[in-house]
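K.L.:
I would like the atomic coordinates for the input below:
(one chain, ligands or ions: 2)
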Amino acid sequence: MVTIQETELKERGISAVTTAQKLGRPILISEVHKMDRMDPLSFFNRGRERYLGERFYWKDPSEEVVLVGIGITKQIQSDQATDRFFHVEEEWREFLKDGLIFNPFNENGLGPVMFGGFSFDPLKAKTALWSKYADSLFHVPKYMLTIVKGQTYLTTNIVCTPNDDYTFFEKVISERTQLLTSLKQDTHINPPKLLEMKEISPQKWKQTVDEVVEDLKTGSLKKVVLARELRLLFNHQVKADVILENLYNQQRDSFIFVFESNGDCFIGATPERLVKKQGKNVFSTCLAGSIRRGKNEEEDHFLGQTLLNDQKNLNEHGFVVEMIKEALEESCEEIILPDKPQLMKIRDIQHLYTPVIGKCQKDASLLLLVERLHPTPALGGLPKQEAVEKIRQVEELDRGFYAAPLGWVDYRGNGEFSVSIRSGLIQGKEASLFAGCGVVANSDSESEYLETSLKFRPMLRALGGK
Ligand SMILES: C=C(O[C@H]1C=CC=C(C(=O)O)[C@@H]1O)C(=O)O
Ligand SMILES: [Mg+2]
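P.N.:
Ligands and ions are numbered 1, 2, ... in the order given. Below is the predicted model:
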């Protein structure tokens, strides 16, 4: 049973209304309660009826922080390209200003948190595919379940206007109680059946890779990441709940995320951290260079060793290390990273991996770090600007939120962003999956094509494909 102090919220509600009246504008009231353990997937499920399209889910690979948001108290969205990170930050600060935050706990991911992200390239012509996602899009949830260091918490965020009275809070209390006490909803939603699978222009994609390889041999560009799309059709509407549960069971070692917006759903299981900030400590990841998993331990080991010694993949990886190091040097006093990559093995693929740790200067916010890092050459290329322009020009795909920063920031400025690869966009009975690969001067288009096919697998399996 969950115990939540109801009278407390009422009292706090009254003081929030008084403050809103005094200031003559709406203010945020946020409160955090510790509660008995609740399964995050079940909490996500409970929001389905009333808050479909207004939910998010996040877990990092070690499940240090799990967040589930239901309902939207505040939306920050914009298609503005210039200074987009700064503008989101400014709106977030403005939203928090004078807010009443009741959070006696000292953990990350509690109280007001905004969850969301940015498109890969706001200057790329938008297609209908991503019409439900603004280039910058963040949600502050109404209710949020946080599991941090094994403890469960519930945050309630309400915006209170000068015209509200405390009866407003009674409604919130009764809804919240219902959410927490309702029996677990039936999770046996019929899984969708895959009817059709269509690769979007594979031949043309390979030809583009060949052309880019020629550019890389002659010009100043060193690396360009090229992506493609796989379009799926199902017999009925695909429900995020089922796919999330599958991803959770199949991809434990990855970040898992769901971000619903206006009826569509962006979902994935990515192995790649862009940046995490905890006080002054900053953590990033260089992840680039890939090979398949072996059929047995021996072959797997052999393939791993091959990857560790392969010049093409080491080049691909080296460009990422070079850029991330440089980007973090701008904001960090100290950076630690190993001088050689190691292997990251996940279910379908192994990667070259170099973790980076830094101590950042006081004024470096998480969103500033995101701005400096995005896109790393694991998703864009090198030099950064030139590579993004190349992608804008030659890539058929509208990447939207694919390969872009997705994550959360709490009101204390801590948080984490992943790079949203190994992902897909669900739209009713259809879904688009995305996969890309780092093209360097000695890339071969057929091998790159096969590498992207491997990278579709996690989402494809979760959706009931192979
Ligand atoms: C762009 C993707 O992967 C990146 C991350 C790891 C390895 C990569 C590679 O070896 O090409 C890519 O840079 C993707 O999965 O869509
Ligand atoms: Mg590669």
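
K.L.:
Helix or strand: which one has the closest residue in space to Ala81 that isn't next to it in sequence?
P.N.:
Nearest residue to Ala81, sequence neighbours excluded (C-beta to C-beta, 6 or more residues apart in numbering): Pro122, at 3.8 Å. The C-beta positions use only the backbone N, C-alpha and C, and glycine is treated the same way. Taking DSSP states H and E as the definition, Pro122 sits outside all helices and strands.

K.L.:
Low-confidence stretches in the chain?
P.N.:
1-6, 183-188 (pLDDT under 70).

K.L.:
One more pass at 80, please.
P.N.:
Regions of the chain meeting the criterion pLDDT under 80 cover residues 1-10, 166-169, 182-189, 362-363, 466.

K.L.:
centroid residue for it?
P.N.:
Closest to where the C-alpha atoms of the chain average out (C-alpha atoms, centre = their mean) is Leu406, at 3.0 Å.

K.L.:
For ligand 1, what's its nearest residue on the stretch 151-300 of the chain.
P.N.:
Ser290 (3.6 Å; C-beta to the nearest ligand atom).

K.L.:
so what's that residue bridging to?
P.N.:
His351 (DSSP bridges).

K.L.:
and it, what is it in contact with?
P.N.:
Taking C-beta atoms under 8 Å, 6 or more residues apart in numbering, we find Ser290 in contact with Leu307, Asn313, Ile349, Gln350, His351, Leu352, Cys437, Glu451, Leu454, Lys455.

K.L.:
Keep only these that also lie close to ligand 1.
P.N.:
Of the residues in the contacts of Ser290, proximity to ligand 1 by C-beta under 6 Å from any ligand atom holds for His351, Cys437, Lys455.

K.L.:
Among the residues you listed, name the buried ones.
P.N.:
His351, Cys437, Lys455 (16 or more other C-beta atoms under 10 Å).

K.L.:
Can I take it that Tyr353 is in a strand?
P.N.:
Yes. Counting by DSSP: H, G, I helix; E, B strand; the rest coil, Tyr353 falls inside a strand.

K.L.:
Which of the three states applies to the closest residue to it other than its chain neighbours?
P.N.:
Distance criterion C-beta to C-beta, 6+ apart; nearest residue to Tyr353, sequence neighbours excluded, is Met344 at 3.9 Å. With three-state DSSP as the basis, Met344 sits in strand.

K.L.:
From ligand 1, how far out is Met344?
P.N.:
9 Å (C-beta to the nearest ligand atom, to the nearest Å).

K.L.:
same deal with Phe43?
P.N.:
The value you get for Phe43 to ligand 1, if C-beta to the nearest ligand atom is used, is 29 Å.

K.L.:
these two touch, right, that residue and Val66?
P.N.:
No. Phe43 lies out of contact with Val66 (C-beta atoms under 8 Å); the separation is 9.7 Å.

K.L.:
which residues does Gly294 contact?
P.N.:
So Gly294 contacts Asp300, His301, Phe302, Leu303 (C-beta under 8 Å, 6+ apart).

K.L.:
can you list the residues of the stretch 301-450 of the chain near ligand 1?
P.N.:
Checking the stretch 301-450 of the chain against ligand 1 by C-beta under 6 Å from any ligand atom, the hits are Glu316, His351, Ala378, Leu379, Ala403, Ile421, Arg422, Ala435, Gly436, Cys437, Gly438.

K.L.:
how about Ile243, phi and psi?
P.N.:
When quoted as degrees, to the nearest 10, the phi and psi of Ile243 stand at phi -70, psi -40.

K.L.:
Tell me the secondary structure of Leu67, please.
P.N.:
Applying three-state DSSP to Leu67 yields a three-state assignment of strand.

K.L.:
hmm, back to that, just give me the closest of the contacts of Gly294 to ligand 2.
P.N.:
Distance to ligand 2, by C-beta to the ion, is smallest for Leu303 among these, at 13.8 Å.

K.L.:
Pull up the residues of the stretch 101-250 of the chain that are close to ligand 1.
P.N.:
Residues of the stretch 101-250 of the chain lying near ligand 1 (C-beta under 6 Å from any ligand atom): Val225, Ala227.

K.L.:
The residue in the stretch 101-250 of the chain positioned nearest to ligand 2: helix or strand, and which one exactly?
P.N.:
Nearest to ligand 2, among the residues of the stretch 101-250 of the chain, is Val225, at 8.4 Å (C-beta to the ion). Assigned by DSSP H and E, Val225 belongs to strand 223-234.

K.L.:
List buried residues within the contacts of Ser290.
P.N.:
Buried among the contacts of Ser290 (16+ other C-beta under 10 Å): Leu307, Asn313, Ile349, Gln350, His351, Leu352, Cys437, Glu451, Leu454, Lys455.

K.L.:
give the contact list for the residue lying closest to Met323 once chain neighbours are set aside.
P.N.:
Of all residues not flanking Met323 in the chain, Pro377 sits nearest, at 5.2 Å (C-beta to C-beta, 6+ apart). Counting by C-beta under 8 Å, 6+ apart, Pro377 makes contact with Lys223, Val225, Ala288, Phe319, Val320, Glu322, Met323, Lys384, Ala387, Gly438.

K.L.:
Now, those that are in helices?
P.N.:
Secondary structure from DSSP state H places Phe319, Val320, Glu322, Met323, Lys384, Ala387 of those in helices.

K.L.:
so the residue nearest to Ala81 touches Ala134, yeah?
P.N.:
No. In this structure, Pro122 is not within contact of Ala134 by C-beta under 8 Å, at 9.5 Å.

K.L.:
Overlap of the contact sets of these two?
P.N.:
With C-beta under 8 Å, 6+ apart as the test, Pro122 and Ala134 both reach Asp79.

K.L.:
returning to that earlier point: let's see which of the buried ones among the contacts of Ser290 end up in strands.
P.N.:
Ile349, Gln350, His351, Leu352, Cys437 (DSSP state E).

K.L.:
Close to ligand 2: what parts of the stretch 301-450 of the chain are there?
P.N.:
Cys437, Gly438 (C-beta under 5 Å from the ion).

K.L.:
Do a quick rundown of the helices in the stretch 301-450 of the chain.
P.N.:
311-329, 366-373, 384-394, 445-462 (DSSP state H, counting those that start in this stretch).
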